[in-house]
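**Student:** turn this into a structure:
(2 chains)
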Amino acid sequence: MNFIKSAASQVIGLFVADWVQTAVIVVIVVAAWYAISGLHASPLPVLVGLVFLLAFQHVWFAVAEGRRDVGPKPSPSPSPR
Amino acid sequence: MGTQLFTFGAAFLGSAVESVEALTIVLAVGLTRGWRAPLYGTVAALFSLGVLVVVFGQLIVQRVPESSLKLIIGTLLLLFGLRWLHKAVLRSAGVVAMHDEEHAYQQTVNQLQDATARHDWVGFVIAFKGVFLEGIEVVFIVVAVGGTSKYFPEAVAGGLLAMLVVAVIGVVVRKPLARVPENTLKYAVGIILTSLGTFWAAEGMGASWPFDFVSILFLVAAYLAASQLAVQLVRRPVLA
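**Tutor:** As a prediction, the model looks like this:
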């Protein structure tokens, strides 16, 4: 039973580390898909926007987590590097 | 040729990283309790993983329409790649500790020393679990990259070759491969998979990329620049 639980959480963990970030990525992809397939928008600007938004959310969530882990600690020790 | 190379490279690098982690567990069991049980466990896990590759590979290639396949698998690859990239960025910035094979080895040895009874089963189960759980990621990479690019044999070859190389080095060295730059490999694989995921997801939406497959190089450059920016921003000291 433990093994099945480990395997299941491993499979979910393949794609999800942070549910909010996962939701943001899915929303970006769905919006791009809707713009191209539903609204028949010109693909190139949509592709550029897709890559920009995906790269932006990557930077945003990495910085947010990094600052959360490094920032508000009680001891005034300097950052590791 | 470019697609084949990317498919092979992604499967090879992804499999290499996970194989190093699986090897650490198998070595810990083998060197502590003897080799028979962990080898049986490893073979059983590899067989199970092989079945998963064949079943899901066939299912994906034969049953799912190409555009849906590209959109769904592309999005999953994107999520998978960005997760690896996110972790690699935080490790590069010094926020999250690097994966330490010596530490992982010692943890498994300690776990084995606690379990004294029926050691054959303990060794079998730990080796099976370690190889199977690490291997699930390899199965996903091989099936997703190989199935979507239509170069399934190249993806399988990349995954198998990496496993073989790591296993041979493990047999020769007989200790955890602590010097393998795992974070750099994960960083590279994260960027490649994120780029491939973006490329295929967009094709699945019905869009065509300018310069076709060459545009993946631009995607690689964009994600590399973004993650380098993230590393710099995370490293910057926070003013209280």
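**Student:** got any ranges where chain B has weak pLDDT?
**Tutor:** By pLDDT under 70, the low-scoring segments of chain B are B:114-119, B:237-240.
**Student:** where does chain A have its least confident helix or strand?
**Tutor:** Confidence across the helices and strands of chain A bottoms out at helix A:2-15, with a mean of 78, counting by mean pLDDT, DSSP states H and E.
**Student:** would you mind pulling up the elements that it packs against?
**Tutor:** For helix A:2-15, the contact count by 3 or more CB pairs under 8 Å, 6 or more residues apart in numbering or on different chains; DSSP states H and E identifies helix B:66-92, helix B:119-149 as packing neighbours. In this view, the C-beta of every residue, glycine as well, is placed from N, C-alpha and C.
**Student:** is chain A within reach of the shortest one?
**Tutor:** Yes. With CB under 8 Å from any CB of the partner chain as the criterion, chain A is reached by helix B:66-92 at B:71, B:75-76, B:78-80, B:82-83, B:85-87, B:89-90.
**Student:** tell me which stretches of chain A form helices.
**Tutor:** Assigned by DSSP state H, the helices in chain A fall at A:2-15, A:19-33, A:43-70.
**Student:** again, but for chain B
**Tutor:** With DSSP H applied, chain B shows helices at B:2-33, B:36-63, B:66-92, B:101-114, B:119-149, B:152-173, B:182-205, B:215-235, listed in chain order.
**Student:** out of these, which gets nearest to A:F61?
**Tutor:** Nearest to A:F61 among the helices of chain B is helix B:66-92 (6.6 Å), distances taken as CB to CB.
**Student:** quick check: buried residues in the closest one?
**Tutor:** The neighbour-count criterion (16 or more other CB atoms under 10 Å in any protein chain shown) identifies B:69-92 as the buried residues of helix B:66-92.
**Student:** what of stretch B:16-33?
**Tutor:** Taking 16+ other CB under 10 Å as the neighbour-count basis, stretch B:16-33 is seen to contain the buried residues B:16-33.
**Student:** ok and the residue in chain A nearest chain B?
**Tutor:** Closest approach of chain A to chain B (CB to the nearest CB) occurs at A:G66, with a separation of 3.2 Å.
**Student:** contacts only, for the nearest residue to that residue once chain neighbours are set aside.
**Tutor:** The shortest distance from A:G66 to any residue that is not its chain neighbour, by CB to CB, 6 or more residues apart in numbering or on different chains, is 3.2 Å, and that residue is B:V234. The neighbourhood of B:V234, defined by CB atoms under 8 Å, 6 or more residues apart in numbering or on different chains, consists of A:62-63, A:66-67, A:70, B:89-90, B:93, B:95.
**Student:** let's see 7 Å
**Tutor:** A:62-63, A:66, B:89-90, B:93, B:95 (CB atoms under 7 Å, 6 or more residues apart in numbering or on different chains).
**Student:** so how far is B:S15 from the residue lying closest to B:E203 once chain neighbours are set aside?
**Tutor:** Beyond its immediate neighbours in the sequence, the residue positioned closest to B:E203 (CB to CB, 6+ apart) is B:K70, lying 4.9 Å away. As defined by CB to CB, to the nearest Å, B:K70 lies at a distance of 22 Å from B:S15.
**Student:** likewise for B:L160?
**Tutor:** Distance, B:L160 to B:S15, by CB to CB: 8 Å.
**Student:** indicate the residue of chain B located nearest to chain A.
**Tutor:** Checked against chain A (CB to the nearest CB), the nearest residue in chain B is B:V234, 3.2 Å away.
**Student:** residue numbers of chain A in contact with chain B?
**Tutor:** For chain A, the residues found near chain B under the criterion CB under 7 Å from any CB of the partner chain are A:3, A:6-7, A:10-11, A:14-15, A:17, A:22, A:25, A:29, A:32-33, A:36-37, A:43-44, A:46-47, A:50-51, A:54-55, A:58-59, A:61-63, A:65-67, A:69-71, A:79-81.
**Student:** list buried residues within those residues.
**Tutor:** Judged by 16+ other CB under 10 Å, buried ones among these: A:14-15, A:17, A:25, A:29, A:32-33, A:36, A:43, A:46-47, A:50-51, A:54-55, A:58-59, A:61-63, A:65-66, A:70.
**Student:** and the residue nearest the centre of chain A, what does it touch?
**Tutor:** In chain A, the C-alpha closest to the average C-alpha coordinate belongs to A:Q21, at a distance of 3.6 Å (CA atoms, centre = their mean). Under the criterion of CB under 7 Å, 6+ apart, the contact list for A:Q21 reads A:57, A:61.
**Student:** would you mind measuring from it to B:G158?
**Tutor:** As defined by CB to CB, A:Q21 lies at a distance of 28 Å from B:G158.
**Student:** same deal with B:L224?
**Tutor:** The gap separating B:L224 from B:G158 is 21 Å, by CB to CB.
**Student:** where in chain A is pLDDT low?
**Tutor:** In the predicted model of chain A, residues A:1, A:3, A:69-81 satisfy pLDDT under 70.
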